[in-house]
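In: Got a sequence here, can you model it:
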Amino acid sequence: MFLDRDAALDYLKKAGIKNPNRSIGKLYYLLNHLRVFPQIKGKRYGNWNGWVTINNKIIKDLFGNLKYFYCIIKRLETDRFIEIDKSYIIGKQSKKYRLLPALNEEEWKLVNMKISECNTSRKVSEHSMRNWKPIDHQLFGLLKEFHIDKIDFFEQTTEHNFIQFPCEMRDAILEGYDSSETPVNRYRFYKRAYDESRAGEWRYHDPDKYGRRHNNLTNLPKPLRKHLYVYKNGIQRRLKSVDVVNSQVLLLLTILPEAIEGYSTFKEVVEEGIFYEILPVLCAKSRPDGKYKSFIPEKRKELKKDYFQYVYGDPNLDYVMVSDIYQAMYDHFPEIHQHIDILKFSKDYRYPAREMQKAESSIIIDYVCTKAANKGLLIAQIYDSILCLEEDVEPVKQLMIEGFKTKNLSVNLRIE
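Out: Numbering: from 1, shown residues only. Below you'll find the predicted structure:
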């Protein structure tokens with residue numbers, strides 16, 4: 001019903017708002033926030049129950065007056081479109097809101113709001129850009145050059161029937177989900193990512209405190225990325241991805257002292273891009289039975305997950321302490337292992353990951369992206385990889401090599 005502007009305006013009028021034309025952006029902002037936030041959190045943190053905390057300060061900044069917020073919220077609650085968790089404590093907790101099935105289970109579509117015609121959209125835009133640097137404006141401008149193919153699977157399906165349409169995209173959605181997700185939630189995530197890309201609704205968030213830039217291209221599921229294209233001189237062009245091999249292990253070197261024993265050997269293996277190939281061998285040597293799964297390319301993702309648990313996991317958790325990789329690092333790179341443990345116990349177990357993210361941002365954003373954008377290259381960054389045109393692969397590779405050299409590292413690159 002809210003897709004129809006007249007219906008939305010009438011709804012606001014019934015909610016007690018005298019000038020609904022000036023508040024339609026407020027309604028769309030609230031609905032979008034209540035719809036999108038749980039999906040992002042659910043994808044990132046597991047089984048999310050749908051509750052959303054709304055910051056009163058942000059609402060005041062966007063709406064100008066909380067009375068508009070309360071009018072809309074009250075009407076949505078009365079009509080059983082939302083529910084309110086009222087178990088809050090004044091001064092300690094904020095109210096939480098959640099969409100009810102009557103609205104949430106319907107198929108949603110995008111509504112375009114022009115900033116020039118909607119004060120709320122303008123304020124949302126200004127709020128989101130408050131900490132931007134020049135490179136952020138450049139990357140956002142480049143982001144808007146990207147388009148995505150029309151994909152029949154998403155055009156012909158809904159969350160209620162998509163399983164009945166066997167194809168590569170459906171299989172990608174159904175593959176690998178665990179108990180923290182459901183096929184329907186994964187479909188919603190893919191479909192929303194597709195719809196936003198088709199509509200050119202690119203979002204670009206403030207840099208986080210560790211320097212990473214998040215947007216809906218960085219969050220675009222990998223099976224959708226191959227459908228991206230840009231126009232150059234009026235011709236539709238596909239993209240190449242320049243990826244760093246063993247990137248997370250390489251970035252680990254940025255937080256290790258070069259004087260530490262074993263550093264040079266570890267660095268050599270990592271820079272050659274063969275760390276995950278020799279890791280099973282090290283694990284086998286550290287096992288009493290001498291057995292460990294041999295390296296299989298298809299198992300690389302599983303092996304990386306085990307390694308990430310070792311580097312990023314809480315050392316107080318049993319599954320980290322008793323893992324084969326923990327023992328292998330303890331046996332073969334004891335000083336490096338000890339240094340990682342000291343960082344985790346003396347600061348915070350998340351400290352290594354956060355420092356590595358800062359190093360990644362310094363290399364990829366501050367060096368590679370800044371120089372590439374200033375050269376006029378059409379690029380986009382997805383954390384430690386760069387999307388670019390085929391003729392720009394070599395210039396981007398050179399910038400990546402130079403960027404890692406600023407951290408005294410050699411990098412092994414892969415083109416996809």
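In: Now for residue 360: which residues touch it?
Out: 211-212, 247, 251, 383-384 (C-beta atoms under 8 Å, 6 or more residues apart in numbering). In short, each C-beta sits where N, CA and C put it, glycine included.
In: Check residue 361 too.
Out: If you count contacts by C-beta under 8 Å, 6+ apart, then residue 361 has 207, 210-213 around it.
In: my read is it is in a helix, agree?
Out: Yes - Residue 361: assigned to a helix according to DSSP: H, G, I helix; E, B strand; the rest coil.
In: Go through the helix ranked longest in the chain and flag the buried ones.
Out: Counting by DSSP state H, the longest helix found in the chain is helix 24-45. Buried residues in helix 24-45, counted by 16 or more other C-beta atoms under 10 Å: 24-31, 33-35, 37-39, 42-43.
In: The residue nearest the centre of the chain: what secondary structure?
Out: In the chain, the C-alpha nearest the mean C-alpha coordinate belongs to residue 219, at 4.0 Å (C-alpha atoms, centre = their mean). Three-state call for residue 219 (three-state DSSP): coil.
In: Go ahead and confirm it touches residue 190.
Out: No - assessed by C-beta atoms under 8 Å, residue 219 is found out of contact with residue 190, at 10.9 Å.
In: number of nearby residues for residue 120?
Out: As a burial measure, residue 120 scores 22 neighbours (other C-beta atoms under 10 Å).
In: repeat for residue 110
Out: 14.
In: Now stretch 356-368: average pLDDT?
Out: For stretch 356-368, mean pLDDT is 95.
In: what's the first-to-last distance across that stretch?
Out: 16 Å (C-alpha to C-alpha, to the nearest Å).
In: Which residues outside stretch 121-136 are in contact with it?
Out: Contacts of stretch 121-136 (C-beta under 8 Å, 6+ apart): 25, 29, 58, 61-62, 113-116, 137, 140, 203-207, 213, 365-366, 369-370, 373.
In: one more time with 10 Å, if that's ok
Out: 24-26, 28-29, 32-33, 58, 61-64, 112-116, 118, 137-140, 203-209, 213, 215, 365-366, 369-374, 381 (C-beta atoms under 10 Å, 6 or more residues apart in numbering).
In: What subset of the residues you listed is buried?
Out: Counted by 16+ other C-beta under 10 Å, the contacts of stretch 121-136 give 24-26, 28-29, 33, 62-63, 113, 118, 138-140, 204-205, 207, 213, 215, 365, 369-373, 381 as buried.
In: doesn't residue 289 make contact with residue 324?
Out: No - between residue 324 and residue 289 there is no contact under C-beta atoms under 10 Å: 11.2 Å.
In: Give the buried residues for stretch 71-90.
Out: 71-73, 75-76, 81-82.
In: which intervals of the stretch 201-350 of the chain have sub-threshold pLDDT?
Out: Applying pLDDT under 70 to the stretch 201-350 of the chain flags the ranges 290-300, 318-322.
In: Please enumerate the helices of it.
Out: Shown for the stretch 201-350 of the chain, the helices assigned by DSSP state H, counting those that start in this stretch span residues 222-225, 247-252, 263-271, 275-286, 300-312, 318-321, 324-332, 334-346.
In: Most tightly packed of those?
Out: helix 247-252 (a mean of 23; mean count of other C-beta atoms under 10 Å).
In: how about it as PDB, C-alpha atoms only?
Out: Output of helix 247-252 as PDB, limited to C-alpha atoms (Å, rounded to 0.1, in the frame of the first residue of the first chain):
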ATOM      1  CA  SER A 247      45.500 -11.400   2.300                       C
ATOM      2  CA  GLN A 248      44.600 -11.900   6.000                       C
ATOM      3  CA  VAL A 249      47.800 -13.700   6.700                       C
ATOM      4  CA  LEU A 250      49.700 -11.000   4.900                       C
ATOM      5  CA  LEU A 251      48.100  -8.300   6.900                       C
ATOM      6  CA  LEU A 252      49.000 -10.200  10.100                       C
END
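In: Pull the residues that contact it.
Out: So helix 247-252 is contacted by 244, 246, 266-267, 269-271, 273, 275-276, 279, 304, 307-308, 311-312, 336, 340, 352-353, 355-360, 363-364, 383-385, 404, 407, 409-414 (C-beta under 10 Å, 6+ apart).
In: And residue 230, how far from residue 390?
Out: Distance, residue 230 to residue 390, by C-beta to C-beta, to the nearest Å: 12 Å.
In: Filter the contacts of stretch 121-136 down to the ones in strands?
Out: residue 381 (DSSP state E).
In: Low-confidence ranges, the stretch 51-200 of the chain, go.
Out: 89, 91-93, 176-180.
In: Tell me which stretches of it form helices.
Out: Under DSSP H, counting those that start in this stretch, the stretch 51-200 of the chain gives helices at 56-63, 66-78, 101-104, 119-128, 134-143, 152-156, 168-174, 183-198.
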